[in-house]
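# Starting from these lines, generate the structure:
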Amino acid sequence: MSKMLGFEPSDHSRSPSTSFSLSMPFRRSKNASDATPAKMSLAQVKLQVELSFQDLEGEEVDRMRYKVRSVRDVKELWMLRSDIHQLISRRHSQYVAAERINGLLPCFEGWIPAKSMAKI
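Predicted structure coming up:
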């Protein structure tokens, strides 16, 4: 029948001398879930923190904005979370403040030990 279709039957009994699947070592493919998220830079974390209270105005807010912009370390930003929470809760509510502060947790991954990154 294969003769009728115009090709010769091949000899499948011989083993390939070099097979791609055999020549490459077994590798685990990288999935998106396997990749660890990249640590944000200090500038990126500052921006995200500042965006958390961008809708607020006033002298107290301006002072907080100045503090955020002048920190030299992500740990200093981490320490400002409580003050920022108070600032937001005075203008909105504690629920809104907690949502915004908790939303910043991914920004601190890689900078702050995981055991310290509890939600409010």
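
# What about Lys115, how many residues nearby?
Residues lying near Lys115 (other C-beta atoms under 10 Å) number 6. Any C-beta I mention is one placed from the backbone N, CA and C, and that applies to glycine too.

# Phi first, then psi, for Ile112.
Backbone torsions for Ile112, taken as degrees, to the nearest 10, come to phi -110, psi 140.

# for it, what are its contacts?
Counting by C-beta atoms under 8 Å, 6 or more residues apart in numbering, Ile112 touches 74-75, 78.

# Which of the residues you listed ranks first by neighbour count?
Val74 (21 neighbours).

# For the closest residue to that residue other than its chain neighbours, the count of nearby residues, please.
Counting by C-beta to C-beta, 6 or more residues apart in numbering, Val74 lies nearest to Trp111, which is 4.2 Å off, once chain neighbours are set aside. Neighbour count for Trp111, taken as other C-beta under 10 Å: 16.

# List phi and psi for Trp111.
Dihedral pair for Trp111: phi -100, psi -40, per degrees, to the nearest 10.

# Report pLDDT for it.
Trp111 carries a pLDDT value of 94.

# List the first helix or strand encountered after the least confident helix or strand in the chain by mean pLDDT toward the C-terminus.
Every helix and strand in the chain was compared by mean pLDDT, DSSP states H and E; the lowest is helix 20-23, with a mean of 48. Remark: after helix 20-23, the chain's next helix or strand is helix 42-51, criterion DSSP states H and E.

# Give me the buried positions along that following helix.
45-46, 48-49 (16 or more other C-beta atoms under 10 Å).

# Next: stretch 106-117.
Residues 107-108, 111 are the ones in stretch 106-117 that count as buried (16+ other C-beta under 10 Å).

# These into a markdown table, with extra columns for distance to Phe53?
As requested, the buried residues of stretch 106-117 are exported to a markdown table (distance: C-beta to C-beta, whole Å):
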| residue | distance to Phe53 |
| --- | --- |
| Cys107 | 14 |
| Phe108 | 16 |
| Trp111 | 20 |
